[in-house]
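S.K.: task: produce atomic coordinates for the following.
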Amino acid sequence: MSARDNRFEPTPFGNYTLLRRIGQGGMSEVFLARPLDPRRYHERYALKRLLPELARAPNFIQLFDQERALAERLEHPNVVRVVDGGMVEDRCFMVIEYVEGLDGWKVTRRLARQIETLPLDQVLWIVTQALSGLAYLHELRDEQGRPLGIVHRDVSPSNILISRQGEVKVGDFGIALISSAEVEQQRRQRLRGKIRYLSPEQIRNQPLDARSDLFAVGVLLAELIIGRTPFRGQTDIALLLNIRDVRLHLAEDLDERTPAELREILMQALARDPRDRPASAAAMRDRLLAFAAATGLRLGPAPLAATVERLLRPGDIGDEDVLRDTLTPWAHEPVGPRAIQVAGGKPTEPPVARYRVRWADGRESADLSYAEIVEQLLGGQIAATDEVSVDGAAFRPVNALPDLLRHLPLLTPTTTRIDGPGVPDRHGLFQDDSVAGVFLLLARHRETGLLVADAGSVRKEVYLVDGHPTYASSNLGSELLGEYLVRKGVLHRGELEMALAMLPRYEGHLGDTLVALELIDPLTLFSHITDQVREKVLELYGWPAGSWSFFRGVVCDKRVFPLSSSAPELLHAGIHRSRSDAQIEAWWTGLEERTLAPAPAADPPAEWWPLTEIERQVLAALDRPQRAVDALRRLLARMPQAGRSALLRALHLLLAAGLAQQTD
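M.R.: Numbers count the residues shown, from 1 in each chain. As a prediction, this is how the structure comes out:
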């Protein structure tokens, strides 16, 4: 049933009558409702009822009931009120006040159609009022006075509700109060179309605090000022990358339209590191209010009320409205794997191109699919000068076919010599240099270029910028994205095969294909790609042998997914990955009678490393030369809760990192 389907019959539900359905998303369905009590017949609310499958999640009903009780306590003029809620027919629900007017998304969209933007005083009124509501939510405490740590997580124009009187309220925060794995998965699935309001730490799947919401407010402020989003991307994945790395597209527009002090406030809110953003919603609000006062801008509801009245359309308010102004507009279908509709009940295959390869020695392959030829390109079985025929056309070299050229590795796998961008600037054997030692050397010298690692027929290529690994690839079929997603249980084998068949329609990019086919939502895909590329780097640390070469100044000119992890974080994780518990014990056997001492001039220093608390305490204990076995004995006496295994690993890391040394 569509959001505006008039065939819905009024239905009793608890103490309410459901008048019409607004729509259904990944988490709930929403209805226009009125109380059954005839004395309250004129009142209208939005009733949000959670889907039954979500309510069946472990402990969810109890959790939802606790959070509903909290939501009903909220009372602030800039926060939409939750007036009722509970359980009816085993269904959790919330009843939310109706804000008669428009949401921020409708305001900006309708102004854009008229080639208008909001006057600056109205922009600042909206943003400062929204910040007041967020400050209230962020600062909420429980009965014992402890901070609740609420983060909205979904600040966007459609959740900023503007009444006909110019009031501004933050809406759709109820699910933000709930913390569980099931809810987080559903939240990710319903973010499609709203990903440009995510913070970098949301994209990196890191812990969130109130400053994540302030980043979204910064995006909202930029959009209201310049009339468009400050982040661009031809695909969802490209957009997420630009947000993660805060690559903004607004300099010229800001210079023309925005006073310097306001630009400074905006850029602070859009800082990549949460620590560089305003300390709180209240602090950002107060700074904007001070700017308005200093520039003579008078903020108030009346001008915004006039704008809302001018932009109202028939059906926006009253009983004929579907009340989209009260809640986030839900997608009519949840994002995620969907059933494939087949005409006549019989499976159909999408039309796919067929490829034939002719190698330099004259051999020709059988017909290959696009996915099969890409796998051979990545594995080095097909070279740039080998020829390919597409659907029976004339044979052409791979390097003349852009859809195939992009999949060629920069260097072809060899075991005797390096072919590619000249003579390496650094090289060695992993028998002589540990993998950690090589990455530490490149980080210490802030090298930019390509590291090539070979072990038999296996090759890995790692690109670095200023010593930080930014991208990794390999010729292992098991490390291809599709195989990784199947192995992780994110995709079924049949879904991957369908996506691979459709690759040519999406320029050979599997991620874009999966999102376009709605087999995975963009944020979940982004998270898995991040983990996969990171895993390619960390897997190197387990190599016991092999050779390495570094080519200075070589840059990756392909469309790739750059890592956001820093060299310190990857080195720290890699050193821990490099030895099993049994190998650590064997390493310790050869070390325990040696003398350990602090490194006099560690490079990089201890501050560079993301040391754990245990590692910091072990480093502090190595303040003078001492036998390793004596150091461990003292550490176990001082830190018995840490355990022998963790202390040995800490000692191993400190020695591998050059923060401690053997002196005999």
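S.K.: where does pLDDT dip in the stretch 501-650 of the chain?
M.R.: The stretch 501-650 of the chain contains residues with pLDDT under 70 at 559.
S.K.: which residue ranges of it form strands?
M.R.: 547-552, 595-598, 626-627 (DSSP state E, counting those that start in this stretch).
S.K.: now swap in the stretch 151-300 of the chain and tell me
M.R.: Using DSSP E, counting those that start in this stretch, the strands found in the stretch 151-300 of the chain span residues 160-163, 168-170.
S.K.: export the strands of the stretch 501-650 of the chain to JSON lines and tack on mean neighbour count and distance to residue 400?
M.R.: Where C-beta positions appear, they are placed from N, C-alpha and C, glycine not excepted. Below are those laid out as JSON lines (neighbours: other Cβ atoms under 10 Å; distance: least, Cβ to Cβ, whole Å):
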{"stretch": "strand 547-552", "mean neighbour count": "20", "distance to residue 400": "25"}
{"stretch": "strand 595-598", "mean neighbour count": "18", "distance to residue 400": "59"}
{"stretch": "strand 626-627", "mean neighbour count": "16", "distance to residue 400": "65"}
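S.K.: would TSV of these with distance to residue 263 be doable?
M.R.: Output for those, formatted as TSV (distance: least, Cβ to Cβ, whole Å):
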stretch	distance to residue 263
strand 547-552	38
strand 595-598	47
strand 626-627	56
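S.K.: which one of those lies nearest to residue 650?
M.R.: Closest to residue 650 of those is strand 595-598 (Cβ to Cβ; 11.9 Å).
S.K.: tell me the domain ranges of the protein?
M.R.: Split into domains by automatic domain parsing, the chain comes to 1-332, 352-408, 411-561, 579-662.
S.K.: of these, which is nearest residue 569?
M.R.: Judged by Cβ to Cβ, the one of those that comes nearest to residue 569 is domain 579-662, at 5.6 Å.
S.K.: chain center to the closest one: distance?
M.R.: Chain-centre distance of domain 579-662: 35 Å, with Cα atoms, centre = their mean, to the nearest Å.
S.K.: now do the end-to-end distance for it.
M.R.: End-to-end distance of domain 579-662 (Cα to Cα, to the nearest Å): 19 Å.
S.K.: that older thread, export the domains of the chain to CSV and tack on distance to residue 569?
M.R.: Below are the domains of the chain laid out as CSV (distance: least, Cβ to Cβ, whole Å):
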stretch, distance to residue 569
domain 1-332, 11
domain 352-408, 27
domain 411-561, 9
domain 579-662, 6
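S.K.: so which of those domains comes closest to residue 570?
M.R.: Of the domains of the chain, nearest to residue 570 by Cβ to Cβ is domain 411-561, at 5.8 Å.
S.K.: so which helix or strand takes in residue 102?
M.R.: Residue 102 is part of strand 101-103 when elements are defined by DSSP states H and E.
S.K.: mean confidence for that strand?
M.R.: Strand 101-103 shows a mean pLDDT of 90.
S.K.: contact partners for the nearest residue to residue 615 once chain neighbours are set aside?
M.R.: With sequence-adjacent residues excluded and distances taken as Cβ to Cβ, 6 or more residues apart in numbering, residue 615 is closest to residue 650, at 4.6 Å. Counting by Cβ atoms under 8 Å, 6 or more residues apart in numbering, residue 650 makes contact with 612, 614-615, 618, 642.
S.K.: repeat for residue 505
M.R.: Going by Cβ under 8 Å, 6+ apart, the list of residues near residue 505 reads residue 513.
S.K.: quick one, helices of the stretch 251-400 of the chain?
M.R.: Ranges of helices in the stretch 251-400 of the chain, per DSSP state H, counting those that start in this stretch, are 251-257, 260-269, 281-294, 301-311, 370-379.
S.K.: tell me the most buried of those?
M.R.: helix 370-379 (a mean of 20; mean count of other Cβ atoms under 10 Å).
S.K.: by contact count, what packs against that helix?
M.R.: Under the contact criterion of 3 or more Cβ pairs under 8 Å, 6 or more residues apart in numbering; DSSP states H and E, helix 370-379 touches strand 355-358, helix 402-405, helix 493-501.
S.K.: can I get these in JSON lines including distance to residue 580 and mean neighbour count?
M.R.: Putting those into JSON lines (distance: least, Cβ to Cβ, whole Å; neighbours: other Cβ atoms under 10 Å) gives the following:
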{"stretch": "strand 355-358", "distance to residue 580": "41", "mean neighbour count": "19"}
{"stretch": "helix 402-405", "distance to residue 580": "40", "mean neighbour count": "16"}
{"stretch": "helix 493-501", "distance to residue 580": "31", "mean neighbour count": "17"}
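S.K.: how about the ones you listed in JSON lines, adding distance to residue 38?
M.R.: Shown next, in JSON lines, are these (distance: least, Cβ to Cβ, whole Å):
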{"stretch": "strand 355-358", "distance to residue 38": "72"}
{"stretch": "helix 402-405", "distance to residue 38": "68"}
{"stretch": "helix 493-501", "distance to residue 38": "53"}
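S.K.: tell me which of those lies nearest to residue 309.
M.R.: Closest among those, using Cβ to Cβ: helix 493-501, at 48.5 Å.
S.K.: now do that closest one: distance to the chain's middle.
M.R.: With Cα atoms, centre = their mean, you get 24 Å for helix 493-501.
S.K.: circling back: just give me the closest of the contacts of residue 650 to residue 395.
M.R.: Distances from residue 395 to those, taken by Cβ to Cβ, are shortest for residue 612, at 57.2 Å.
S.K.: look up the closest residue to that closest one, ignoring the ones flanking it.
M.R.: Using Cβ to Cβ, 6+ apart, the closest residue to residue 612 is residue 650 (7.5 Å).
S.K.: before I go, just wanted to say thanks for your time.
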